[in-house]
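Q: This is the structure alone, sequence omitted:
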């Protein structure tokens, strides 16, 4: 009796990027404390810059996942839209 081979499998489902990737989060607001002169204001601004950096990297990663998904589906992607 013969049995079908399981040696080579074909991916039958599409791996979509997470739905959260399609929701843009607002940039962290500039803190009023950063407007104050002195050490406290400088520290508040430095903390804000760190938040903005993390926010930007998070959005960069989201776009990278969406672009990888589009490329996997052989969708046309204009030059420059996905870091090309």
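A: Happy to help now that I have it. Since we're looking at a predicted model, the values are computed, not measured.

Q: Run through the helices of this structure in chain order.
A: Per DSSP state H, the chain carries helices over the ranges 39-72.

Q: Excluding chain neighbours, give the residue nearest to the residue sitting nearest the centre point of it in space.
A: In the chain, the residue lying closest to the centroid (C-alpha atoms, centre = their mean) is residue 62, at 1.7 Å. Sequence neighbours aside, residue 21 is the residue nearest to residue 62 in space, at 4.2 Å (criterion: C-beta to C-beta, 6 or more residues apart in numbering). No exception for glycine: its C-beta is placed from N, CA and C like everyone else's.

Q: Tell me the spacing between that neighbour and residue 80.
A: Relative to residue 80, residue 21 is positioned 20 Å away (C-beta to C-beta, to the nearest Å).

Q: Which one's more surrounded, the two?
A: Between residue 21 and residue 80, counting by other C-beta atoms under 10 Å, residue 21 is the more crowded of the two (16 against 7).

Q: Show the contacting residues for that one.
A: Applying C-beta atoms under 8 Å, 6 or more residues apart in numbering to residue 21 gives the contacts 62, 65, 66.

Q: Next, work out how far apart it and residue 65 are.
A: 6 Å.

Q: shouldn't residue 70 be in contact with residue 78?
A: No - assessed by C-beta atoms under 8 Å, residue 70 is found out of contact with residue 78, at 10.7 Å.
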